[in-house]
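Participant: next comes the sequence, and after it the predicted model I'd like to discuss.
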Amino acid sequence: VSILRTLRLLQLVRSLQIVRFLTTFSEFRLLVMTMQHSCRAMVWVMIILIVMAYVVGVSITAGTFEHCSPDHVGRFTLCERFGTLDATLFSLYQAMFGGVLWGE
């Protein structure tokens, strides 16, 4: 009789371990789902940042366009960094992430 009770007790302990594991797994599932939902918001934030950088780049390029004509000498750095849209966006990216300081 005591062996049967011991086996039942072991079976109960195993079932409790499985239940505890499943609750941990459900918490992990909740964590993964939360990360998936936050990735969607992060994508929208990245899209907004890219659009904002594009608008600022177009504005800066349009503002420096008249200063980059061939008759203006001495503005080589201005025309090199902000003369075209792709150069402007690259200069803004460098300035935002520490590649080039604003004063250089």
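Facilitator: In hand now; what should we look at? Residues are numbered from 1 along each chain as shown.

Participant: which stretch of helix or strand covers the nearest residue in space to T84 that is not next to it in sequence?
Facilitator: Residue nearest to T84 in three dimensions, not counting chain neighbours: T61, with 6.7 Å by CB to CB, 6 or more residues apart in numbering. Placement of C-beta: from N, CA and C, glycine included. Here T61 sits within helix 2-65, counting by DSSP states H and E.

Participant: before we move on, the earlier item: what about the residue nearest to T84, neighbour count?
Facilitator: 18 (other CB atoms under 10 Å).

Participant: per-residue confidence for it?
Facilitator: For T61, the pLDDT comes out at 92.

Participant: which SS class is G98?
Facilitator: coil (DSSP: H, G, I helix; E, B strand; the rest coil).

Participant: packing partners of the helix or strand where L89 lies?
Facilitator: Using DSSP H and E, L89 sits in helix 85-96. If contacts are counted by 3 or more CB pairs under 8 Å, 6 or more residues apart in numbering; DSSP states H and E, helix 85-96 sits against helix 2-65, helix 76-82.

Participant: just the CA coordinates for the shortest one, please, in CSV.
Facilitator: Spelled out, that is helix 76-82. Extracted in CSV, the C-alpha atoms of helix 76-82 (Å, rounded to 0.1, in the frame of the first residue of the first chain):
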residue,chain,number,x,y,z
PHE,A,76,32.7,73.9,-52.1
THR,A,77,31.9,72.2,-48.8
LEU,A,78,28.3,73.5,-48.8
CYS,A,79,27.8,72.2,-52.4
GLU,A,80,29.6,69.0,-51.7
ARG,A,81,27.6,68.0,-48.6
PHE,A,82,24.2,69.6,-49.4
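
Participant: helices or strands up against it?
Facilitator: Where contact means 3+ CB pairs under 8 Å, 6+ apart, helix 76-82 is packed against helix 2-65, helix 85-96.

Participant: what about the residue nearest to T84, distance to S91?
Facilitator: Plainly put, T61 is 10 Å away from S91 if you go by CB to CB, to the nearest Å.

Participant: contact partners for the residue nearest to L85 when sequence neighbours are not counted?
Facilitator: Among residues not flanking L85 along the chain, T61 sits closest, at 5.0 Å (CB to CB, 6+ apart). By CB atoms under 8 Å, 6 or more residues apart in numbering, T61 lies in contact with 82-85, 88.
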